[in-house]
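Engineer: here is a sequence with its predicted model. Questions after.
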Amino acid sequence: MAHILVIDDNQGNRDTYAEVLEADGHQVLTAASGEAGLAKLGAAQVDVVLCDLKLPNMDGLAAMELAHEKHGPIPWILITAHGSEEIAVAAIKQGAFNYLTKPVDIARLRATVESAARLAQANRENRRLRRELGYEEALERIVGNSPAIRQVKNMIRQVAASDATVLIEGESGTGKELVADAIHALSNRSGRPYIKLNTAAIPRDLLESELFGHERGAFTGAVQQKKGKFEIADTGTLFLDEIGEMPLDNQVKLLRVLQDGSFTRVGGNQQITVDVRLICATNRDLKQEVLAGRFRMDLYFRLNVVNIVVPPLRERREDIPLLARAFVERLNQRHRQDKALSDEALHYLRRQDWPGNIRELENTVEKLYVLSPGREIVVHRGAVAPVAEPAPRAPEPAAPAAPAEDPIRALVGLPLDEVERRLILATLAHCGGNKCKTARTLQIGLKTLYRKLAAYGVKE
């Protein structure tokens with residue numbers, strides 16, 4: 001039994017085809033136009049389409065091309081008038097399954113639909129197998145067996161099959177992008193475009209163009225039309241990393257796209273409609289950003305349909321040996337060696353807090369790997385931070401004889417950019433030059449901090 005969609009502007013033909021196919025045990029939907037047929041394709045499961053070539057407004061060939069673009073290769077059977085076989089053969093070259101000529105022979109109709117239904121069943125089975133294999137491959141890239149990471153993997157399995165917007169939260173370096181990759185790989189859109197954009201890495205005045213595209217001459221340097229990430233990701237998935245860094249004016253435009261699925265390019269007037277599954281990630285607490293007025297509440301609720309929190313490495317220390325060995329295996333393949341971590345090295349790695357999470361762990365493992373000449377990877381004193389109890393706090397310096405100037409009052413009258421610059425540099429000095437700690441203290445992304453320091457002329 002298959003689900004058949006019959007598209008024909010003739011009521012009598014629709015009724016006849018439906019009666020024959022239902023008698024063979026198939027479920028039949030009917031539509032009187034190409035537009036109506038495409039709408040039913042989007043709303044219901046359809047295995048095979050039986051479509052008249054000549055339809056008002058949109059012909060059967062145009063309807064087939066749009067359906068294949070939006071929904072993949074559905075077996076499409078065209079019905080043509082006698083003498084239009086050349087058109088039908090050309091349609092097969094463009095992706096049609098077969099064609100029938102009028103007046104339609106009922107026996108051939110049944111046989112052709114039966115063949116198309118078997119093909120649809122085989123395609124379904126292939127997609128199921130690919131998804132099952134994809135489950136293993138995509139989830140194996142998220143290394144760990146702790147309860148916290150198992151919960152994350154279970155959430156991925158549950159949300160992947162839907163089209164719901166997903167918000168992934170977690171500290172920098174926890175693997176949020178891997179979670180987004182897995183969601184797309186296990187989704188029904190896995191064969192469709194998967195586009196990534198780090199919103200913090202794009203200059204503020206270019207972000208709108210990156211997202212929505214621009215027309216030629218829209219601004220200085222726009223020498224030709226350019227498609228934005230939303231348009232490129234149509235029918236697929238768009239991953240927006242560091243969404244918490246997006247400026248408020250761009251947040252308004254993003255909200256509009258989420259509400260009605262359409263937008264205009266910069267400098268353009270044409271409304272472009274897309275079908276995109278959105279996944280976002282942030283290392284900020286967006287609830288606090290909303291309360292601080294830096295993130296729109298209505299956009300937050302639009303993005304937070306499904307929320308996945310990726311735990312920091314210090315909350316799943318049992319995964320550290322698994323991750324470290326995986327990094328060593330990768331390094332062995334790259335360098336064609338056969339090294340292994342010593343017990344001392346594993347003990348050291350497990351006791352660290354890893355404020356930079358998996359990214360910091362990977363860098364440290366590579367450092368130990370390079371500095372270990374033999375087959376055993378050991379801890380080199382001086383190359384890594386020692387594991388020790390916190391040192392006693394130094395006594396507070398004596399109070400100066402004269403009262404110090406109020407630091408807040410010293411900032412009054414300065415431009416906001418200069419206030420921000422002084423705050424960032426002072427915090428960096430307070431944190432002893434540790435950029436990870438500085439970013440956490442300021443509650444900004446590490447990439448954002450690096451970008452601002454580069455603008456201030458601070459060298460590595």
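Structural biologist: Perfect, I can see it now.
Engineer: contacts, neighbours, all on C-alpha from now
Structural biologist: Will do.
Engineer: can you get me a residue count around residue 103?
Structural biologist: With neighbours defined by other CA atoms under 10 Å, the count for residue 103 comes to 10.
Engineer: name the element it belongs to?
Structural biologist: Assessed by DSSP states H and E, residue 103 sits outside every helix and strand.
Engineer: how close does it get to residue 88?
Structural biologist: Residue 103 sits 15 Å away from residue 88 when distances are taken as CA to CA, to the nearest Å.
Engineer: ditto for residue 108
Structural biologist: Distance from residue 108 to residue 88, by CA to CA: 16 Å.
Engineer: which residues in the stretch 201-350 of the chain form helices?
Structural biologist: In the stretch 201-350 of the chain, the segments counted as helices under DSSP state H, counting those that start in this stretch are 207-212, 229-232, 248-260, 286-291, 297-303, 320-335, 343-351.
Engineer: over to the stretch 51-200 of the chain?
Structural biologist: Along the stretch 51-200 of the chain, the stretches classed as helices by DSSP H, counting those that start in this stretch are 60-71, 85-93, 106-140, 147-160, 176-185.
Engineer: highest mean neighbour count out of these?
Structural biologist: helix 176-185 (a mean of 23; mean count of other CA atoms under 10 Å).
Engineer: what packs against that one?
Structural biologist: Contacts of helix 176-185 with other secondary structure elements, assessed using 3 or more CA pairs under 8 Å, 6 or more residues apart in numbering; DSSP states H and E, are made with helix 106-140, helix 147-160, strand 166-169, strand 237-241, strand 277-282.
Engineer: try it again with 7 Å
Structural biologist: In terms of contacts (3 or more CA pairs under 7 Å, 6 or more residues apart in numbering; DSSP states H and E), helix 176-185 is packed against helix 106-140, helix 147-160.
Engineer: quick one: distance of it to the chain centre.
Structural biologist: Centroid separation for helix 176-185 versus its chain: 6 Å, with CA atoms, centre = their mean, to the nearest Å.
Engineer: between helix 147-160 and it, find me the angle.
Structural biologist: For helix 176-185 and helix 147-160, the angle between their directions (axes from the mean of the first three to the mean of the last three CA atoms, to 10 degrees) works out to 40 degrees.
Engineer: state the mean pLDDT of helix 176-185.
Structural biologist: Averaging pLDDT along helix 176-185 gives 94.
Engineer: now swap in stretch 56-66 and tell me
Structural biologist: Confidence for stretch 56-66, expressed as mean pLDDT, is 87.
Engineer: contacts for that stretch, please.
Structural biologist: Where contact means CA atoms under 7 Å, 6 or more residues apart in numbering, the residues beyond stretch 56-66 that reach it are 33-34, 51-54, 91.
Engineer: ok, the residues you listed vs residue 437, which is closest?
Structural biologist: Proximity of the contacts of stretch 56-66 to residue 437, judged by CA to CA, is greatest for residue 34, which lies at 58.6 Å.
Engineer: how far away is residue 250 from residue 160?
Structural biologist: As for residue 250, its distance to residue 160 is 27 Å (criterion: CA to CA).
Engineer: no wait, residue 2
Structural biologist: 25 Å.
Engineer: which pLDDT does the model give the most centrally placed residue in the chain?
Structural biologist: When CA atoms, centre = their mean is applied to the chain, the residue found nearest the centroid is residue 239 (2.9 Å). Predicted confidence (pLDDT) for residue 239: 97.
Engineer: helix or strand for residue 358, which one?
Structural biologist: helix 357-371.
Engineer: no wait, residue 440
Structural biologist: With the criterion set as DSSP H and E, the secondary-structure element containing residue 440 is helix 435-442.
Engineer: hmm, who's touching that helix?
Structural biologist: Counting by CA under 7 Å, 6+ apart, the neighbours of helix 435-442 from elsewhere in the structure are 355-356, 427-428, 431, 445-446, 449.
Engineer: let's see 8 Å
Structural biologist: 355-356, 424, 427-428, 431, 445-446, 449 (CA atoms under 8 Å, 6 or more residues apart in numbering).
Engineer: buried residues, the helix or strand where residue 449 lies. List them.
Structural biologist: Using DSSP H and E, residue 449 sits within helix 446-455. Neighbour-count burial for helix 446-455 flags 446-447, 449-450, 452-453 (criterion: 16 or more other CA atoms under 10 Å).
Engineer: what is the nearest of those to residue 184?
Structural biologist: The shortest gap between residue 184 and any of these belongs to residue 447, at 24.4 Å (CA to CA).
Engineer: between the contacts of stretch 56-66, which has the most around it?
Structural biologist: Top of the contacts of stretch 56-66 by neighbour count (other CA under 10 Å): residue 51, with 31 neighbours.
Engineer: for it, give the beta-bridge partners.
Structural biologist: Applying DSSP bridges to residue 51 yields these beta-bridge partners: residue 7, residue 78.
Engineer: number of nearby residues for the closest residue to residue 324 other than its chain neighbours?
Structural biologist: Spatial nearest neighbour of residue 324, excluding adjacent residues (CA to CA, 6 or more residues apart in numbering): residue 365 at 6.6 Å. Neighbour count of residue 365, defined by other CA under 10 Å: 24.
Engineer: low pLDDT regions in the stretch 251-400 of the chain?
Structural biologist: Flagging of the stretch 251-400 of the chain using pLDDT under 70 yields the residue ranges 381-400.
Engineer: swap in 80 and give it another go.
Structural biologist: Judged against pLDDT under 80, the low-scoring parts of the stretch 251-400 of the chain cover residues 380-400.
Engineer: for the helix holding residue 440, what does the pLDDT average out to?
Structural biologist: On average, helix 435-442 scores 84.
Engineer: send me that helix as CSV with only the CA atoms.
Structural biologist: Below are the C-alpha coordinates for helix 435-442, written out as CSV (Å, rounded to 0.1, in the frame of the first residue of the first chain):
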residue,chain,number,x,y,z
LYS,A,435,42.3,35.3,28.1
CYS,A,436,40.0,32.4,28.9
LYS,A,437,39.5,33.7,32.5
THR,A,438,39.1,37.2,31.2
ALA,A,439,36.4,36.2,28.8
ARG,A,440,34.5,34.3,31.5
THR,A,441,34.8,37.3,33.9
LEU,A,442,33.5,39.7,31.3
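Engineer: okay, the angle between that helix and helix 446-455?
Structural biologist: Angle of helix 435-442 versus helix 446-455, following the same axes, to 10 degrees, is 100 degrees.
Engineer: and helix 435-442, which residues are buried?
Structural biologist: Using 16+ other CA under 10 Å, the residues of helix 435-442 that count as buried are 435-440.
Engineer: quick check, residue 227 in contact with residue 216.
Structural biologist: No. Applying CA atoms under 8 Å, one finds residue 227 not in contact with residue 216, separated by 10.9 Å.
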